[in-house]
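Enquirer: my questions are about this predicted structure, shown below with the sequence.
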Amino acid sequence: MATQTKLSLISACGIALLLFISVSLARSDEKSISYSLVPPPSCLNNLGENVVFENINNGQAEVAAAMAKRDKRGNPVVYRFNYKYSPQPLQHFMDLHECAHHQTGDVDLPHPPRNSPDHMMNESIADCIATLRIRDEIGTGRDVVLQAVQQLVEDMVKIGFSATTTYSRKSNILNCLEKEEAAEAFIDRILRHRELR
């Protein structure tokens, strides 16, 4: 009986080890997929300053990410993290989403608490501006937006966002795709509302 229990335990450990190895290999294969980087878009902030895009590959994330801020010298910048792990439509979307934070003055305003209604509104506005710019500035813009939103949803699920948050973001982007308004007019309304223009 003791021998049978030991054999079962060894067998179970062996299966668990094989599963761990196969998951690790699958993850390393996924991470080895590399995409060409899109050239950064033209981006001026709400003060007319040119926004610089910097590529950073820290090799630790499974998905790409981006951040809009001012650098140590006070210049407007978008940091592009691990872009090689995301297809080009999503790279376009992330660039223009972060550019929108500069265009609407978000970067220079006090940052609202994370996940607060004001923070979520800023994110929705940036998503909308990115959607309008892709739709109007890229030849196959509508298709690019649809591909970007599909990849964005997959990444949000991978990271662990709730289904409600993911659905809400996707719905906002698809609604913005149908707006009968150009990005510039949309940005102008936001800046006037914030009394920045």
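Expert: Cool, the structure landed.

Enquirer: contacting residues around the closest residue to Phe81 other than its chain neighbours?
Expert: Spatially, and ignoring its direct neighbours in sequence, Phe81 is nearest to Ala65 (4.5 Å; Cβ to Cβ, 6 or more residues apart in numbering). Where C-beta positions appear, they are placed from N, C-alpha and C, glycine not excepted. By Cβ atoms under 8 Å, 6 or more residues apart in numbering, the contact set of Ala65 is Phe81, Asn82, Met94.

Enquirer: let's go with 10 Å and repeat that
Expert: 56, 58, 79-83, 85-86, 94, 98, 155, 159 (Cβ atoms under 10 Å, 6 or more residues apart in numbering).

Enquirer: any idea how far Ser86 is from it?
Expert: Distance of Ala65 to Ser86, computed by Cβ to Cβ, to the nearest Å: 9 Å.

Enquirer: which neighbours do these two share?
Expert: Common neighbours of Ala65 and Ser86 (Cβ under 10 Å, 6+ apart) are Arg80, Met94, Asp155.

Enquirer: which element is the most centrally placed residue in the chain on?
Expert: The centre of the chain sits closest to Met94, judged by Cα atoms, centre = their mean, with a distance of 4.8 Å. Here Met94, judged by DSSP states H and E, is contained in helix 88-103.

Enquirer: so which elements touch that helix?
Expert: Judged by 3 or more Cβ pairs under 10 Å, 6 or more residues apart in numbering; DSSP states H and E, the packing partners of helix 88-103 are strand 52-56, strand 65-70, strand 76-81, helix 117-137, helix 141-159, helix 183-193.

Enquirer: run the last query once more with 8 Å
Expert: strand 65-70, strand 76-81, helix 117-137, helix 141-159 (3 or more Cβ pairs under 8 Å, 6 or more residues apart in numbering; DSSP states H and E).

Enquirer: most tightly surrounded among these?
Expert: Stretch with highest mean neighbour count among the helices and strands packed on helix 88-103: strand 76-81 (a mean of 21; mean count of other Cβ atoms under 10 Å).

Enquirer: rewinding a little: my guess is the residue nearest to the centre of the chain contacts Arg80. True?
Expert: Yes - counting by Cβ atoms under 8 Å, Met94 does reach Arg80; the two are 7.3 Å apart.
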